[in-house]
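Participant: Predicted model follows, preceded by the sequence.
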Amino acid sequence: MDGRAPVARGSAMIRIIGGLVFLLLINTPALARGTGDLGLFIERASSSVQIVETSGNTSIGSVSGLGDLSHASVVYSRDQRYAYVFGRDGGLTKVDILNAEISQRKMQSGNSIGGAISQDGRLVAVSNYKPGGVKVFDADTLELVADIPATFGDNNQRSKVIGLVDAPEGKFVFALWDAGEIWILDMSQRDKPVVEKFKNIGRNPYDALITGDGRYYIAGLFGEDGMAMLDLWNLSAGVKRILPDYGKGEQKLPVYKMPHLEGWAVAGNLAFVPAIGAHEVLVINMRDWREAGRIKVHGQPIFVMARPDGRQVWVNFAIPNNDTIQVIDTQTLAVIKQLKPGKGVLHMEFEPRGEEVWLSVRDENRVEVYDTRSFERRNSIPATKPSGIFFTARAHRIGL
Amino acid sequence: MKPITWLALSLILSTSPAAASDGISSEREQELQNLLIQDCGSCHGLQMKGGLGPALLPEMLRGKSAEYLSTVILHGRTGTAMPPWRFLLSEAEARWMAERLLQGVAQ
């Protein structure tokens, strides 16, 4: 009996506090928090995103009405409040992640593939498949600033554009899938866009990345061996082929999903990239750009991503091996862990300092959080066909 | 005619997708539908309006037979990014997908 009263009082107190918290929640402006631990993930089949926070690993909101989000990607404003979501259907949506609402939305093309935000955060560029080219918008208003058609050949055909990234000194860099070219778009004077073209870089560049220092732009080639590399500090040297002998004379395995080159998995002087048509991760020595090894992995690698400290590289795979993650130790180049998070592991995103990693498990409608030291699962968040995961720390990284 | 024979005959004669799917369990059909939208959709768009790969809407495929489409699905197209799916799909499954494409996948 003695014990009961305090408990009852306690629960009444909890209810009162709960009520107060509720009142606070509905009355306090959502702005009263930082955004450095926020992010979002794409729910590609339901045209929505969920807004998440990585301190407690929870979902804190949802925004819908974003169109066809297959292959959607995201960049962030430099204040880390707005997410620019690039949809497949050409939709460009500016999402206010603090208030969980659409700030602006524009249909800017018929079919698009990704985008980038300029070094100064004032311009957002979108790479389009149809009509092929790049459009540049004002980051505040989403008004069109520049339209750069990706024309090539004698008949002015339009090429699909892939691998669009931001680069230092107000530039964007991208590659032309159909034309086999790399273009640099200088937007440092927004009313005077300047394009510099590099031709014959190789057949069918499928994706590209820029190193974290903004110096090297590297495009993966689907149509031939090796990768095309442009040193932005030495443009007169032109585009060079790296790993030219990779895969020569070997029978290629079917590629059921195009690998992604996102960020640059670097540990010391070694870079890690997905092979194409082989179940291998390629290791490149960045001092001489030669192959430094090949690591046998579980399937066709899609994302090859380094933990922010560079000690581990996490790899996911194309169908039918997309239920698996492998972790490579970058010192020994050995696979040290294999995880089976579930069917359809599409993407992964490390928390800014890498103690945890988030995985989207599309076919099981979950986003999962793993500890990268113990490899234990920390949390599981219900989601509808989740794909890309993007944290606001990207706002301050070149090329992301 | 015995009912069972009649059923078999109607399955052969009918051109509805239910008939085309004979031999494919409804569970597998769900997997195939998911594969079609999500994995084919990676290149062709979740609504088949195209991406790195061409649009596969019924109006784009007009005049193409289910045989032709299932051959492309099974064997891929050399020189393009379209891979051969025969390592993951049976002929009947490829045919089922081809017919789904001809009807229109997007709901």
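Facilitator: Everything's here; your move. Numbers count the residues shown, from 1 in each chain, chains lettered A, B, ... in the order given.
Participant: Dead centre of chain B: give me the residue that sits there.
Facilitator: residue B:97 (1.0 Å; C-alpha atoms, centre = their mean).
Participant: Pop out the phi and psi values for it.
Facilitator: phi -70, psi -40 (degrees, to the nearest 10).
Participant: right, and it touches residue B:88 too?
Facilitator: No. Checked against C-beta atoms under 8 Å, the pair residue B:97 and residue B:88 is beyond contact range at 11.1 Å. For the C-beta atoms, the positions are set from N, CA and C on the backbone; glycine is no exception.
Participant: Please list the residues of chain B that sit near chain A.
Facilitator: B:34-35, B:37-39, B:41-43, B:45-47, B:49-52, B:76, B:81, B:83-85, B:87-88 (C-beta under 8 Å from any C-beta of the partner chain).
Participant: what ranges of the stretch 251-400 of chain A fall below the confidence cut-off?
Facilitator: Regions of the stretch 251-400 of chain A meeting the criterion pLDDT under 70 cover residues A:263-264.
Participant: and if we set it to 80?
Facilitator: A:251, A:262-268 (pLDDT under 80).
Participant: Now for whichever residue of it sits closest to chain B: which residues touch it?
Facilitator: Sorted by distance to chain B under C-beta to the nearest C-beta, the residues of the stretch 251-400 of chain A start with residue A:254, at 3.8 Å. Taking C-beta atoms under 8 Å, 6 or more residues apart in numbering or on different chains, we find residue A:254 in contact with A:277, B:76, B:83-85, B:87.
Participant: for residue A:396, same thing?
Facilitator: Residue A:396 touches residue A:78, counting by C-beta under 8 Å, 6+ apart.
Participant: Which residues does the helix or strand containing residue B:93 contact?
Facilitator: Under the criterion of DSSP states H and E, residue B:93 resides in helix B:91-103. For helix B:91-103, contacts defined as C-beta under 8 Å, 6+ apart pick out B:17, B:20-24, B:28-29, B:32-33, B:35-36, B:40, B:48, B:56, B:58, B:61, B:64, B:66-67, B:69-70, B:73-74, B:85-86, B:89.
Participant: Around chain B, pick out the residues from the stretch 251-400 of chain A.
Facilitator: A:254-258, A:319-320, A:344, A:362-363, A:385.
Participant: can I get these in a markdown table with secondary structure?
Facilitator: Converted to a markdown table, those look like this (DSSP: H, G, I helix; E, B strand; the rest coil):
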| residue | secondary structure |
| --- | --- |
| A:254 | coil |
| A:255 | coil |
| A:256 | coil |
| A:257 | coil |
| A:258 | coil |
| A:319 | coil |
| A:320 | coil |
| A:344 | coil |
| A:362 | helix |
| A:363 | helix |
| A:385 | coil |
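Participant: if we can go back for a sec, which members of the residues of chain B next to chain A are classed as buried?
Facilitator: B:34-35, B:37-39, B:41-43, B:45-47, B:49-52, B:76, B:81, B:83-85, B:88 (16 or more other C-beta atoms under 10 Å in any protein chain shown).
Participant: you'd agree residue B:68 is in a helix?
Facilitator: Yes. The assignment for residue B:68 is a helix, going by three-state DSSP.
Participant: in the sheet, who's paired with residue A:337?
Facilitator: residue A:327 (DSSP bridges).
Participant: That one is in contact with residue A:324, isn't it?
Facilitator: No. Counting by C-beta under 8 Å, residue A:337 stays clear of residue A:324, with 10.8 Å between them.
Participant: More neighbours: which of those two?
Facilitator: More crowded of residue A:337 and residue A:324, by other C-beta atoms under 10 Å in any protein chain shown: residue A:324, with 18 against 14.
Participant: Identify the residues contacting the closest residue to that one other than its chain neighbours.
Facilitator: Using C-beta to C-beta, 6 or more residues apart in numbering or on different chains and skipping residues adjacent in sequence, the residue nearest residue A:324 is residue A:298, 5.1 Å away. Residue A:298 sits next to A:279, A:315, A:317, A:321, A:324, A:326, A:338 when contact means C-beta under 8 Å, 6+ apart.
Participant: and with 10 Å instead?
Facilitator: A:279, A:315-317, A:321-326, A:335, A:338 (C-beta atoms under 10 Å, 6 or more residues apart in numbering or on different chains).
Participant: Is it in a helix, a strand, or coil?
Facilitator: Per three-state DSSP, residue A:298 ends up coil.
Participant: do residue B:35 as well
Facilitator: Residue B:35 - assigned by three-state DSSP - is helix.
Participant: Do I have it right that it meets residue B:88?
Facilitator: Yes. Using C-beta atoms under 10 Å, residue B:35 is in contact with residue B:88, at 8.2 Å.
Participant: anything in contact with each of those two?
Facilitator: If you check residue B:35 and residue B:88 against C-beta under 10 Å, 6+ apart, the residues they both contact are A:319-320.
Participant: Export the contacts of residue A:254 to a markdown table and append columns for distance to residue A:84 and secondary structure.
Facilitator: Formatted as a markdown table, the contacts of residue A:254 follow (distance: C-beta to C-beta, whole Å; DSSP: H, G, I helix; E, B strand; the rest coil):
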| residue | distance to residue A:84 | secondary structure |
| --- | --- | --- |
| A:277 | 33 | coil |
| B:76 | 35 | coil |
| B:83 | 32 | coil |
| B:84 | 37 | coil |
| B:85 | 35 | coil |
| B:87 | 38 | coil |
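Participant: per-domain residue ranges of chain A.
Facilitator: A:108-251, A:258-339 (automatic domain parsing).
Participant: No more questions from me, cheers.
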